[in-house]
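Peer 1: could you work out the structure for the sequence below:
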Amino acid sequence: PDRHVYRWDGSSWTPLPGTLSGSVHALQVFGDKLIVGGAFATIDADTMNSIAAWDGDRWSPLGSGLACVQHPCIYPKGIVRSLATFGESLVVGGEFERAGGTPARGIALCNGRWLDVGGVEGEEGYPEDVDALGTWNGKLVAGGNFVKAGDATAMGIAAYDGTKWMALSKPGFSGLDDAA
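Peer 2: Have a look, this model is predicted:
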């Protein structure tokens, strides 16, 4: 398969320089950069660990990228499944346990440094994944395969106000499975 990110110039698609070692799952413009997330270790020979920034001329890593360190993940470098912005921060959702070396279970913010926002977890206490991100009424909304976000019981969908997580599901709601 072709392992490039492409740009549209108004009439045709052309690949950006650099070959990814895996797949892309999410794109987000953040500041003056294009952030690319997915399941890839490198772009050409440069280590990226599933997340990279394109500045118009070259690729660069976001810190040390993502990692799964304690629990089994589909991809040991972690997987980015969703990207968004919240305030002045980039939000990364997916399946991972560390972002830039900072403990972060499935969701992290980056504003020049990586920040843990409480993480998500599944029924067995394992980190699960955030598959969708968006904003609503000034809150960050995360959807995916989890039963807890931060300290809140949240069956697959939760909102973060910048301080704490809140469930958006009602009692008896069985949650969302890989969609939001």
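
Peer 1: so which bits of stretch 10-30 are buried?
Peer 2: 16, 18, 20, 22, 24-26, 28, 30 (16 or more other C-beta atoms under 10 Å). Every C-beta, even on glycine, is put in place using the N, C-alpha and C of the backbone.

Peer 1: what two of those are the furthest from one another?
Peer 2: 22 and 30 (20.9 Å; C-beta to C-beta).

Peer 1: which one of the buried residues of stretch 10-30 is nearest to residue 58?
Peer 2: residue 18 (8.1 Å).

Peer 1: surely that closest one and residue 42 touch.
Peer 2: No: Residue 18 is beyond contact range of residue 42, at 9.2 Å (criterion: C-beta atoms under 8 Å).

Peer 1: follow-up on the earlier one: I'd like the buried residues of stretch 10-30 as TSV, with pLDDT appended.
Peer 2: Output for the buried residues of stretch 10-30, formatted as TSV (pLDDT from 0 to 100):
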residue	pLDDT
16	95
18	95
20	95
22	92
24	95
25	96
26	97
28	97
30	97
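
Peer 1: in stretch 152-168, what counts as buried?
Peer 2: 152, 154-160, 165, 167-168.

Peer 1: quick one: which two of those are the most distant?
Peer 2: Maximum distance among those (C-beta to C-beta): 15.8 Å, for 155 and 160.

Peer 1: if we can go back for a sec, which ones among the buried residues of stretch 10-30 lie within strands?
Peer 2: 24-26, 28, 30 (DSSP state E).

Peer 1: list just the nearest of the residues you listed to residue 135.
Peer 2: Looking across these and measuring by C-beta to C-beta, the closest to residue 135 is residue 28, at 12.4 Å.

Peer 1: OK, contacts around that closest one?
Peer 2: 34-35, 37, 83-85, 90 (C-beta atoms under 8 Å, 6 or more residues apart in numbering).

Peer 1: so how far is residue 139 from residue 168?
Peer 2: 9 Å (C-beta to C-beta, to the nearest Å).

Peer 1: name whatever forms a beta bridge with residue 29.
Peer 2: For residue 29, the beta-bridge partners under DSSP bridges are residue 34.

Peer 1: mind checking how far it is from residue 89?
Peer 2: The value you get for residue 29 to residue 89, if C-beta to C-beta is used, is 14 Å.

Peer 1: what helix or strand is the nearest residue to residue 131 once chain neighbours are set aside on?
Peer 2: Distances taken as C-beta to C-beta, 6 or more residues apart in numbering put residue 144 closest to residue 131, at 4.0 Å, once the chain neighbours are dropped. Assessed by DSSP states H and E, residue 144 sits inside strand 139-145.
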